[in-house]
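Sequence and predicted structure, then a few things I'm wondering about:
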Amino acid sequence: MAKTIDIKLSADELEGTEATISQWLIKEGELIQQGEPLVELETDKVSMEICAAETGILKQIFVQVGEKVETDLVLGILTDQTNMDYTPAVEITPDTVTNQKNGKALLSPAVRRLLKENDLDNKQIFGTGRDGRVTRKDVEAYLQSTTSLLAKPPVEEPLVETSNVATAKVATPFSHCSTEVLTQSRLAPSKLVPHSNMRKTIAKHMVSSLLETSPHVTSVFDMDMSNVIEHRKWHKKEYAELGVKLTFTAYFLQAMAKAVKSVPQVNAKFHDHALELFSDVNIGVGTALGDSGLVVPVVQQVQLMNLFEIATCLNQQTDKARNNKLKPSDMKNGTLTLSNHGVSGSLFATPIIINQPQVAILGVGKLEKRVVVNDINGEDIIEIKPKCYVSLSIDHRALDAHQTNLYLSEFVNIIENWGS
């Protein structure tokens, strides 16, 4: 008799967070190997893949896409295929399965089938799943993009020669703006893309924070990165040899924690009757996931760590975010947030919306060389310096301009005098 295996989640996997099924990665009747991704869950903050605990055939799905899951709820069942006649839906060969022992990600049966049906190699596609794994959404997005590129441009209707000026189509530099063409463009097909749970949650939180909760005010300072760049130049190889990538973000986190000593009101939560000041500085780091959305993993107790420890924890959290491995606990207890939006080319942004229930969010813009005039021994000297803008968006219920500018001034002072 075939052995059946319940597919369910432990309390450790859910961590008390509500989740829904976003997609089953294989179909009923398909074979899955132990350790391969089986089902994808989505909470209000993260997407995560659940892998098969054992090798087997997916016999039945009980919880469908869009339905909620809870601890110990049986999502479906696997059947041990050893005593069953089984013909896989897709031929599995060494070319279609990637071996985890070689340090590469596995492909789910659904992805293998889709690749085979479209004569694709997974190496052609950038994976956004756990450990860079190619997901079904990645393949579908790739197919859609290539289809768009291969689409034929519309054929222009030739001009009609006629002696009747009233009915002739006259070629002018503005003929593409004719009412006829505009009417046609309005009839062009559009597509509705359903929001993910993450996008719905982001939308809800953004509206609530900006329009319903916190009166936002932003202050912007200019910052010289010369000393930090020099310090990183001398230490990044040393860190790399220890397996840690030293980024500017690590410097920003340490400077943020140090500046809190001067303005503790920045590291706080607003209550109607009081301002709650936190002893620990737990800094969330906004991490973009492309079209999938934005997550904010938290580096805990930054005030207790040196630069190497901060860089190590930061690497771990951002790697988990980009490889779809974040757990709900990785994004809890934040007291202050950093948006390093300059990495995508932005000079400054205002307001950067506060991550509730915090009262402030720091933003750092693009680093660029700028011409500056410095007073050196009473003389104006023109120099080229690596500069960026740094901003602090605050909840004006909790903070005023005085505390905002004092905090930014202290932060900038720490960065500009690094190592001095």
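Received the coordinates, thanks.

Report the beta-bridge partners for residue 48.
Taking DSSP bridges, one obtains residue 41 as the residues bridged to residue 48.

Quick check on the residue nearest to residue 32 when sequence neighbours are not counted: phi, psi?
Excluding its sequence neighbours, the residue lying closest to residue 32 (CB to CB, 6 or more residues apart in numbering) is residue 52, at 4.7 Å. To be clear about C-beta, it is placed using only N, CA and C from the backbone, and glycine gets the same treatment. Per-residue torsions, residue 52: phi -70, psi 130 (degrees, to the nearest 10).

Sketch out the low-pLDDT regions of this protein for me.
Applying pLDDT under 70 to the chain flags residues 1, 12-16, 44-45, 81-106, 109, 128-132, 145-187.

and the longest strand for it?
In the chain, assigned by DSSP state E, the strand with the most residues is strand 379-395.

Which secondary structure elements does the helix or strand just after it sit against?
Using DSSP states H and E, the helix or strand that directly follows strand 379-395 along the chain is helix 401-416. For helix 401-416, the elements it packs on are strand 216-224, helix 226-241, helix 248-260, strand 360-364, strand 379-395, judged by 3 or more CB pairs under 8 Å, 6 or more residues apart in numbering; DSSP states H and E.

Check the burial of the closest residue to residue 219 other than its chain neighbours by counting its neighbours.
What sits nearest to residue 219 in space, not counting adjacent residues and going by CB to CB, 6+ apart, is residue 404, at 4.8 Å. For residue 404, the number of neighbouring residues by other CB atoms under 10 Å comes to 22.

deepest of the helices and strands packed on helix 401-416, which one?
strand 360-364 (a mean of 25; mean count of other CB atoms under 10 Å).

Just checking: what are the partner strands of it?
Paired neighbours of strand 360-364 in the sheet (DSSP bridges): strand 336-339 (parallel), strand 379-395 (antiparallel).

Tell me which of the ones you listed sits nearest to residue 236.
Minimum separation from residue 236 across the strands paired with strand 360-364 (CB to CB) falls at strand 379-395, 15.6 Å.

okay, the closest one in CSV with CA atoms only?
Presented in CSV, the C-alpha positions along strand 379-395 are these (Å, rounded to 0.1, in the frame of the first residue of the first chain):
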residue,chain,number,x,y,z
GLU,A,379,40.7,81.4,0.9
ASP,A,380,38.0,80.1,-1.3
ILE,A,381,39.3,76.9,-2.9
ILE,A,382,37.4,75.0,-5.7
GLU,A,383,37.5,71.3,-5.2
ILE,A,384,35.7,68.2,-6.6
LYS,A,385,34.2,66.1,-3.8
PRO,A,386,32.1,62.9,-3.7
LYS,A,387,28.8,64.2,-2.4
CYS,A,388,25.2,63.0,-1.8
TYR,A,389,22.0,64.3,-0.3
VAL,A,390,20.7,62.9,2.9
SER,A,391,17.1,63.5,4.1
LEU,A,392,15.0,62.8,7.2
SER,A,393,11.3,62.5,6.8
ILE,A,394,9.6,62.8,10.2
ASP,A,395,6.2,62.5,11.9
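
got the angle for it vs helix 248-260?
For strand 379-395 against helix 248-260, the angle by axes from the mean of the first three to the mean of the last three CA atoms, to 10 degrees is 80 degrees.

Strand 379-395: how far from the chain's middle?
Computed by CA atoms, centre = their mean, to the nearest Å, the separation of strand 379-395 from the middle of its chain amounts to 28 Å.

Ok, stretch 200-212 next?
17 Å.

got it, and stretch 373-390?
A distance of 36 Å separates the centroid of the chain from that of stretch 373-390, by CA atoms, centre = their mean.
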